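**Q** return atomic coordinates for the entry below.
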Amino acid sequence: MKRQDVKKTNPLNHFANEKHRAPQPLMQSRFAMEIEVFGTENEQSKQLVAAVRKAAQEFGKPYELIRITDMRIMINLPHIAMLPALAIDGKVKSMGVIPSVDEIKKFFKETQGKQP
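**A** Predicted coordinates for the structure are as follows:
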């Protein structure tokens with residue numbers, strides 16, 4: 001039985017032979033927003049996530065949406081008193097309510113205005 005030669009490839013160099021480069025992390029852009037939605041897997045939290053996605057798409061800036069559903073994490077956060085909650089770039093913008101798409105876009109504009 002002969003051993004067949006196997007072409008070895010470096011998994012870290014996966015994109016070396018492709019025309020496209022490896023995707024860059026979103027947060028490298030200075031205009032990217034980090035949007036955090038705190039809440040359990042209930043209907044209100046799902047509605048907030050849907051409203052945030054719609055507002056972010058209409059706003060047109062790059063964003064990263066992070067859903068925090070682990071109660072152990074949320075209990076240890078002193079700035080989160082009610083669920084669902086919305087934070088943009090680390091600043092809590094709403095708690096206990098589902099803001100409208102227009103209100104969420106206002107939050108985005110406020111946040112973008114404070115960036116350098």
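
**Q** only C-alpha atoms for contact and neighbour calcs from this point on.
**A** Will do.

**Q** and the one helix or strand Ile66 maps to, average pLDDT?
**A** For Ile66, the host element (DSSP states H and E) is strand 63-68. Computed over strand 63-68, the mean pLDDT rounds to 90.

**Q** immediately after the helix-or-strand element of the chain with minimal mean pLDDT, which helix or strand?
**A** In the chain, no helix or strand scores lower on mean pLDDT, DSSP states H and E than helix 71-75, which sits at a mean of 87. Downstream of helix 71-75, the first helix or strand assigned by DSSP H and E is strand 85-88.

**Q** where does the protein dip in pLDDT?
**A** Within the chain, the ranges that satisfy pLDDT under 70 run 1-31, 113-116.

**Q** can you rerun that using 80?
**A** Low-confidence segments of the chain (pLDDT under 80): 1-32, 112-116.

**Q** flag every buried residue along the longest helix seen in it.
**A** The single longest helix within the chain, with elements called by DSSP state H, is helix 43-59. Of all the residues in helix 43-59, those buried under the rule 16 or more other Cα atoms under 10 Å are Gln44, Ser45, Lys46, Leu48, Val49, Ala51, Val52, Arg53, Ala55, Ala56, Phe59.

**Q** likewise for stretch 103-116?
**A** Glu103, Ile104, Lys105, Phe107, Phe108, Gln112.

**Q** just the CA atoms of it, as CSV, please.
**A** Extracted in CSV, the C-alpha atoms of stretch 103-116 (Å, rounded to 0.1, in the frame of the first residue of the first chain):
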residue,chain,number,x,y,z
GLU,A,103,-36.8,57.1,18.4
ILE,A,104,-34.1,54.6,17.8
LYS,A,105,-32.8,56.5,14.9
LYS,A,106,-32.6,59.6,17.1
PHE,A,107,-30.5,57.6,19.6
PHE,A,108,-28.2,56.7,16.7
LYS,A,109,-27.9,60.4,15.7
GLU,A,110,-27.1,61.4,19.2
THR,A,111,-24.5,58.8,19.5
GLN,A,112,-22.9,59.6,16.1
GLY,A,113,-22.8,63.3,17.1
LYS,A,114,-20.6,62.6,20.1
GLN,A,115,-18.0,60.6,18.2
PRO,A,116,-14.8,62.4,17.0
